[in-house]
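*Asks:* Okay, predicted coordinates and the sequence, questions at the end:
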Amino acid sequence: MNTATPPNKPRDLRSLLGISTPIIQAPMAGVSTPAMAAAVSEAGGLGSLGVGAMDAEAARKAIRETRALTGKPFNINLFCHAPANADVAREKAWLDYLASHFAEHGGTAPTSLREIYKSFVADDAMFRMLLEEKPAVVSFHFGLPAQEKIDALRAAGIVLLASATSLQEARQAEAAGVNAIVAQGIEAGGHRGVFDTSGYDEGLGTLALVRVLVRNTQLPVIASGGIMDGAGIAAVLALGAEAAQLGTAFVACPESSADAAYRAALTAPSPRPTTLTRAISGRAARGFMNRFTELGIAAGAPAIPDYPIAYDAGKALHAAAKAQGSAEYAAQWAGQAAPLARSIPAGELVAQLKAETKEALERMAALGKELA
C-alpha cells in the first residue's frame with residue numbers, strides 16, 4: 001500500500017488539475033481527439049484522450065499532437081481490466097450465433113477472435129512511454145494497475161485519477177494513492193468502470209454515488225454520468241463534488257471522431273433509448289439500443305466472450321453492416337441524458353456550460369436565502 005498521504009478533500013482540485021472551471025471532458029476512447037482535448041483545455045476545462053485502444057506509440061503520437069495545440073494540462077485515460085481469458089469453444093459459439101447477421105450484410109464471420117486491446121496492467125511499453133512523455137494527468141478505468149506503476153507515475157509528478165462505481169472501489173483507489181476519484185454513476189454512457197465483472201454491481205446512480213463518496217472518503221470527487229448541462233454540474237457540486245466529467249455532451253462536437261450515423265442518432269428529435277449491453281464488447285456498456293444490443297438479450301443467446309475479445313467480433317460485424325449503409329450494429333455509446341446533446345464546437349460548449357453552471361448556482365443561492 002502506498003504510504004503517501006493523499007490530499008484531504010482539497011478545495012484546490014482545479015489548481016491541481018490546472019483548470020479554471022469544474023468541467024472535465026470524458027476520455028471516450030475512439031471518439032475523443034487531440035483537437036477536442038485541446039479545445040476543452042484551452043477553454044479552461046480538462047480535455048481528455050482515451051488511449052485504451054491504442055498501443056504505446058499511437059498514444060505518444062496523440063499526446064504530442066495535443067501538445068502542439070495547447071500548452072495546458074490534459075488527461076490520458078488507460079484501461080486497467082484483467083486480461084481476457086481466451087475460450088475457443090465460447091468464441092466459436094458466439095461467432096456461429098452472429099454468422100447470419102454477417103451474411104445478411106454480405107460478409108462472413110471471422111474464423112477466430114483475438115484480444116484487440118492490451119490492458120495497461122500488462123502493457124509495460126505504455127508505462128514507459130508515460131514516464132517519458134509525462135502528461136499532466138493520467139486516469140484509470142476498469143480498475144487499477146500495480147502499485148509500483150502508481151507510485152512511479154506519481155513520483156514523475158503526474159496527477160492520478162481513478163474511476164469508481166462503488167464505495168469499495170473508491171476506497172481501493174484511495175488506498176493506492178490516487179489524487180481524486182471519478183464517481184461513475186449508472187447513467188453514464190460507455191463502459192461501466194467496475195473493477196470485478198464477476199461481482200455484484202449495485203448500479204448506483206450518480207447523485208447517490210457522489211454523496212456516498214464525499215461522505216466516506218478523503219479524496220476529492222469528480223461526478224460522472226448523466227450530466228449534460230450547467231444545471232447538472234451545479235447539482236453535483238451542491239452534493240460535494242469538486243468537478244463534473246461529461247462524455248456524451250461532447251460526442252456531437254465537430255472535433256469528435258464520431259461518424260455521421262452516430263451524430264444523427266445523438267441529435268435526433270427523439271433519440272432511441274439507451275441500454276446496458278455486453279453483446280458489443282464483452283463488458284457492460286451503455287449505448288443506444290439497436291439490433292446488436294437486442295442480440296445480447298435474445299432467448300438462446302450463447303455466452304459472450306471476454307472483453308475485449310468479443311469486441312473483435314463486434315467491430316467486424318459493424319464494419320460489414322456499415323459497408324451496406326447500416327449502423328444497426330454500431331457501438332453508439334451514450335448516457336441516459338442523451339436527449340440534451342448539442343452539436344457545437346467543444347470550446348463553445350465549455351463556455352455555455354460555465355454560464356449555465358453560474359446561473360444554476362445563483363438560483364440555488366437565491367433559494368437558499370428564501371429558506372433561511
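*Replies:* That came in fine, so what should we check first?
*Asks:* how many neighbours does residue 158 have?
*Replies:* Burial of residue 158, expressed as a neighbour count using other Cβ atoms under 10 Å, amounts to 19. (C-beta placed from N, C-alpha, C; glycine too.)
*Asks:* To clarify, my last question referred to residue 319.
*Replies:* Using other Cβ under 10 Å as the criterion, residue 319 is surrounded by 14 other residues.
*Asks:* Just confirm it is within a helix.
*Replies:* Yes. The secondary structure assignment for residue 319 places it in a helix, going by DSSP: H, G, I helix; E, B strand; the rest coil.
*Asks:* if I look at it, how far off is residue 329?
*Replies:* The span separating residue 319 from residue 329 equals 9 Å under the rule Cβ to Cβ, to the nearest Å.
*Asks:* now do residue 111
*Replies:* Distance of residue 111 to residue 329, given as Cβ to Cβ: 19 Å.
*Asks:* Residue 86 now?
*Replies:* Counting by Cβ to Cβ, the separation of residue 86 from residue 329 is 23 Å.
*Asks:* since we're on residue 360, how many residues are nearby?
*Replies:* Count around residue 360 with other Cβ under 10 Å applied: 19.
*Asks:* tell me the SS of it?
*Replies:* Classification of residue 360 by three-state DSSP places it in helix.
*Asks:* Can you give me the pLDDT of it?
*Replies:* Residue 360 is assigned a predicted lDDT (pLDDT) of 97.
*Asks:* Same check on residue 372?
*Replies:* Residue-level pLDDT assigned to residue 372 equals 82.
*Asks:* hang on, the earlier thing: looking at residue 86 and residue 329, which is more packed in?
*Replies:* Set side by side, residue 86 and residue 329 show more neighbours around residue 329, with 26 against 14, by other Cβ under 10 Å.
*Asks:* Three-state assignment for the more buried one, please.
*Replies:* Classification of residue 329 by three-state DSSP places it in coil.
*Asks:* Test my guess that it contacts residue 317.
*Replies:* Yes. At 4.8 Å, residue 329 and residue 317 qualify as touching, with contact defined as Cβ atoms under 8 Å.
*Asks:* Give me the common contacts of these two.
*Replies:* Both residue 329 and residue 317 are in contact with 101, 292, where contact means Cβ atoms under 8 Å, 6 or more residues apart in numbering.
*Asks:* surely residue 251 meets residue 264?
*Replies:* No. The pair residue 251 / residue 264 is not scored as a contact, 11.6 Å apart, by Cβ under 8 Å.
*Asks:* The two: which is more packed in?
*Replies:* Applying other Cβ under 10 Å to residue 251 and residue 264 shows that residue 251 carries more neighbours, namely 29 against 14.
*Asks:* can you pull out the helices in the stretch 51-200 of the chain?
*Replies:* All helices of the stretch 51-200 of the chain, identified by DSSP state H, counting those that start in this stretch, fall at 56-67, 88-104, 124-133, 147-155, 167-176.
*Asks:* any idea which of those is most buried?
*Replies:* Across the helices of the stretch 51-200 of the chain, the average number of neighbours (mean count of other Cβ atoms under 10 Å) peaks for helix 167-176, which reaches a mean of 19.
*Asks:* from the middle of its chain, how far away would that one be?
*Replies:* Helix 167-176 has its average C-alpha position 18 Å from the chain's average C-alpha position, going by Cα atoms, centre = their mean, to the nearest Å.
*Asks:* For that helix, report the contacting residues that lie outside it.
*Replies:* 1-2, 6, 140, 144, 147, 150, 162, 164, 181, 183, 193-195, 212-213, 216-219.
*Asks:* Narrow those residues to just the buried residues.
*Replies:* Judged by neighbour count, with 16 or more other Cβ atoms under 10 Å as the criterion, the buried members of these are 6, 140, 144, 150, 162, 164, 181, 183, 193-195, 212-213, 217, 219.
*Asks:* just checking, next helix/strand downstream of the host helix or strand of residue 233?
*Replies:* Taking DSSP states H and E as the definition, one finds residue 233 inside helix 230-238. Going down the chain from helix 230-238, the next helix or strand is strand 243-246, by DSSP H and E.
*Asks:* Show me what that following strand pairs with in its sheet, parallel or antiparallel.
*Replies:* Strand 243-246 has the following strand partners under DSSP bridges: strand 23-25 (parallel), strand 221-224 (parallel).
*Asks:* I'd like the average pLDDT over it.
*Replies:* 98.
*Asks:* after it, next one along is what?
*Replies:* Per DSSP H and E, strand 243-246 leads on to helix 248-251 as the next helix or strand towards the C-terminus.
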